[in-house]
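Participant: sharing a model that was predicted from the sequence below.
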Amino acid sequence: VHQHLFLSYPDHWMRGTFEVVASGTGVVAMVSGLVATFIFSHFGHVAPFDLAIVLAALGLMLLTRAWPENYGDSDISVLQTLENSYESIKGDPVIMLLGLSQALFEAGMYIFVVMWTPTLDETSTTPVSHGWVFSSFMLCIILGGTLYKQYLAFGGTVEKLMLFACAVGSIALAIPCVVQ
């Protein structure tokens, strides 16, 4: 957002930028899962992690050369920034509730992320291709983004969708608690 504003791009481009980023990261994540499966099957368990280290280092080098540092508003101190943020949260309970709902939902999702591989391994009678499963999850994220745009185009509201998403996510994450 800072870079978009700094380069004086038109405001209406922001939405498109976020759409491209969301879809692009989903596609990259899908491809990563498939590449990890290939690397694992040819070079062993540790090879996908070794490749991730190499790619992360290449990405770091590319970013440090091509992207200027974002220092934010350097006219105010970090402490003042934190105080301003605190006042915004205190002054508008919607900001706090949104952050709290996001944090709680993400906590559940991170528990799922940590537990899905051992759970699949323990319950499956055949070897599980984790890369394919991961790629399938990422495909669902891309489909969700596409359905979101369609939902809004038909007059849906973000608030109702958030309620629906939290309800469905809660039910989906609760199923393993009651089903063996």
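Facilitator: Cool, got the structure. Residues are numbered from 1 along each chain as shown.

Participant: the helix or strand where residue 24 lies - contacts with which helices or strands?
Facilitator: Assigned by DSSP states H and E, residue 24 belongs to helix 13-43. Counting contacts by 3 or more CB pairs under 8 Å, 6 or more residues apart in numbering; DSSP states H and E, helix 13-43 is packed against helix 2-6, helix 47-66, helix 130-153. No exception for glycine: its C-beta is placed from N, CA and C like everyone else's.

Participant: quick one, which of the ones you listed gets closest to residue 79.
Facilitator: Minimum separation from residue 79 across these (CB to CB) falls at helix 2-6, 20.0 Å.

Participant: centre of the chain versus the closest one, how much separation?
Facilitator: Offset of helix 2-6 from its chain centre (CA atoms, centre = their mean, to the nearest Å): 21 Å.

Participant: so which of the helices and strands packed on helix 13-43 is the most packed in?
Facilitator: helix 130-153 (a mean of 14; mean count of other CB atoms under 10 Å).

Participant: send the alpha carbons of it over as PDB?
Facilitator: As requested, the backbone C-alpha atoms of helix 130-153 are provided in PDB (Å, rounded to 0.1, in the frame of the first residue of the first chain):
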ATOM      1  CA  HIS A 130       1.500 -34.000   1.100                       C
ATOM      2  CA  GLY A 131       2.400 -31.800  -1.800                       C
ATOM      3  CA  TRP A 132      -0.700 -32.800  -3.700                       C
ATOM      4  CA  VAL A 133      -2.800 -32.200  -0.600                       C
ATOM      5  CA  PHE A 134      -1.200 -28.800   0.000                       C
ATOM      6  CA  SER A 135      -1.700 -27.800  -3.600                       C
ATOM      7  CA  SER A 136      -5.400 -28.800  -3.300                       C
ATOM      8  CA  PHE A 137      -5.700 -26.500  -0.300                       C
ATOM      9  CA  MET A 138      -4.200 -23.700  -2.300                       C
ATOM     10  CA  LEU A 139      -6.500 -24.300  -5.100                       C
ATOM     11  CA  CYS A 140      -9.400 -23.900  -2.700                       C
ATOM     12  CA  ILE A 141      -8.000 -20.500  -1.700                       C
ATOM     13  CA  ILE A 142      -7.900 -19.400  -5.300                       C
ATOM     14  CA  LEU A 143     -11.500 -20.700  -5.800                       C
ATOM     15  CA  GLY A 144     -12.500 -18.900  -2.600                       C
ATOM     16  CA  GLY A 145     -11.200 -15.600  -4.000                       C
ATOM     17  CA  THR A 146     -13.000 -16.100  -7.200                       C
ATOM     18  CA  LEU A 147     -16.300 -16.900  -5.400                       C
ATOM     19  CA  TYR A 148     -15.800 -13.900  -3.200                       C
ATOM     20  CA  LYS A 149     -15.800 -11.600  -6.200                       C
ATOM     21  CA  GLN A 150     -18.900 -13.300  -7.600                       C
ATOM     22  CA  TYR A 151     -20.600 -13.000  -4.200                       C
ATOM     23  CA  LEU A 152     -20.000  -9.300  -4.000                       C
ATOM     24  CA  ALA A 153     -21.100  -8.900  -7.600                       C
END
